[in-house]
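Undergrad: Could you look at this predicted model? Sequence included:
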Amino acid sequence: MELSLTRPLLFFDIESTGLNIATDCIAELSFVKVFPDGEQRIKTWRFKPWDYAAGRQHPIHPAASAVNGLKDEDLQGEPRFCDKVDEVIEWIGDSDLAGFNSAKFDLPMLAEEFERVRKWTGREIPINLHDRYMVDVQTIYHYFEPRNLRAAYRFYCGGEDFENAHTAEADTVATLEVLKGQIRKYGDSIKNDVPSLSAIGGRSKTVDYAGRLILGENGEAVISFGKHKGRTAREVYFAEPSYFAWIESGEFTLDTKRQFALLKEKFDAEKKRADAEKQSRPASEEELRSLAGKWSGKLF
């Protein structure tokens, strides 16, 4: 069964230098773009992982190399992510996104690379990944069959292993086939459209990919950790504005810092508007009484 799409759906997979989203980098990125008419296009990049602060290649952790087979010397002659960022953005276009465990790792890692380019090169990044539907095939798999990609492929795609597991392209193609198999198997239980597939599992709506900010019932950003857990970002801003500076200087992902910064910009603007309205309106009786109490009528 083919996917029912109203706009392209971009399956993607990342092989990285390690599992720390804030400090590790993309070494290989593969896209399988599926169009509403069924056309598929595949694109894979290898990147020289780059430490922008140090100005040098970021090494691959041995544990990551043992899984993806990539070594530092394999990537020395490859372009950096920032060298190909325009091409990556063009490939994403207006697509929704899909992957296997991508909501927790691949999507935050991709967003972090975009933020690094924004921060260290000063370039504008004309894309907001938070605006896209994200279909996580692993979430659907675990929701209906509470187990990795290889097991999912065997279960949904005929019992055989797929070749070249843990290469970005093979994993991405396998993920596409698994989603098709899920739709065939659960056709009576799920709707074959991206918004419905994206919603399976009832994940909390996060503002940042690390989940430090989540959306409350009224659409307000709520802090999900630390001493202010459960309080809205707006409430904390007006009670303790230094908290936002602490986030900016702390060991958080760049995406988390950016979402807090965007909220601060919004709250700053609201405060300025409120102050301007207060200055332009006539003083209230209570304010006049307060001033009268302070004024003795004598200059000296």
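TA: Perfect, I can see it now.

Undergrad: how much space between residue 181 and residue 98?
TA: 14 Å (Cβ to Cβ, to the nearest Å). Bear in mind the C-beta positions are built from the backbone N, C-alpha and C, glycine included.

Undergrad: The two - which one has more neighbours?
TA: Neighbours per residue (other Cβ atoms under 10 Å) separate residue 181 from residue 98, with residue 98 holding more: 27 against 19.

Undergrad: ok, the more buried one touching residue 140?
TA: No: if you go by Cβ atoms under 8 Å, residue 98 and residue 140 don't touch, sitting 10.1 Å apart.

Undergrad: Are there residues contacting both of these two? Which ones?
TA: 179, 197 (Cβ atoms under 8 Å, 6 or more residues apart in numbering).

Undergrad: what about the helices in the stretch 201-300 of the chain?
TA: 233-239, 242-249, 254-280, 285-294 (DSSP state H, counting those that start in this stretch).

Undergrad: Could you export the first one as PDB, keeping only the C-alpha atoms?
TA: The reference is to helix 233-239. Provided in PDB are the C-alpha atoms of helix 233-239 (Å, rounded to 0.1, in the frame of the first residue of the first chain):
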ATOM      1  CA  ALA A 233       8.100  30.200  31.000                       C
ATOM      2  CA  ARG A 234       6.100  33.400  31.100                       C
ATOM      3  CA  GLU A 235       5.600  33.200  34.900                       C
ATOM      4  CA  VAL A 236       9.300  32.500  35.400                       C
ATOM      5  CA  TYR A 237      10.300  35.400  33.100                       C
ATOM      6  CA  PHE A 238       8.400  38.000  35.100                       C
ATOM      7  CA  ALA A 239       9.400  36.500  38.500                       C
END
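
Undergrad: give the contact list for residue 118.
TA: 124-125, 254.

Undergrad: quick check, it in a strand?
TA: No: counting by DSSP: H, G, I helix; E, B strand; the rest coil, residue 118 is not part of a strand but helix.

Undergrad: and the residue nearest to residue 117 when sequence neighbours are not counted, how many residues sit next to it?
TA: With Cβ to Cβ, 6 or more residues apart in numbering as the criterion, residue 117 has its nearest non-adjacent residue at 4.6 Å, and that residue is residue 82. Neighbours of residue 82 under the rule other Cβ under 10 Å: 18.

Undergrad: helix/strand/coil for residue 45?
TA: strand.

Undergrad: Spatially, and excluding backbone neighbours, which residue is closest to it.
TA: That would be residue 29: by Cβ to Cβ, 6+ apart, it lies 5.0 Å from residue 45.

Undergrad: sec struct for that neighbour, please.
TA: Residue 29 ends up strand, using three-state DSSP.

Undergrad: pLDDT value on it, please?
TA: For residue 29, the model assigns a pLDDT of 98.

Undergrad: Could you count how many residues lie near it?
TA: So residue 29, with other Cβ under 10 Å, has 26 neighbours.

Undergrad: For the residue nearest to residue 232 when sequence neighbours are not counted, give me its contacts.
TA: If the residues on either side of it in the chain are set aside, residue 232 comes closest to residue 220, at 4.6 Å by Cβ to Cβ, 6+ apart. The contact partners of residue 220, taken as Cβ under 8 Å, 6+ apart, are 232-234.

Undergrad: List phi and psi for residue 16.
TA: phi -130, psi 180 (degrees, to the nearest 10).

Undergrad: quick one on the thing from earlier: residues in contact with the residue nearest to residue 117?
TA: Residue 82 touches 50, 52, 116-117, 120-121, 123, counting by Cβ under 8 Å, 6+ apart.

Undergrad: now do residue 34
TA: 3, 5, 8-11, 40, 176.

Undergrad: Let's see that with 7 Å instead.
TA: 3, 5, 8-9, 11, 40, 176 (Cβ atoms under 7 Å, 6 or more residues apart in numbering).

Undergrad: How about residue 213?
TA: Residue 213 neighbours (Cβ under 7 Å, 6+ apart): 206-207, 221-224, 233, 259.

Undergrad: which among those residues gets closest to residue 22?
TA: residue 259 (14.1 Å; Cβ to Cβ).

Undergrad: quick one: contacts for residue 115?
TA: Residue 115 neighbours (Cβ under 7 Å, 6+ apart): 254-255, 258.

Undergrad: And the contacts of residue 220, which is closest to residue 131?
TA: residue 233 (19.4 Å).

Undergrad: isn't that closest one right next to residue 262, touching?
TA: No: Residue 233 is beyond contact range of residue 262, at 10.2 Å (criterion: Cβ atoms under 7 Å).
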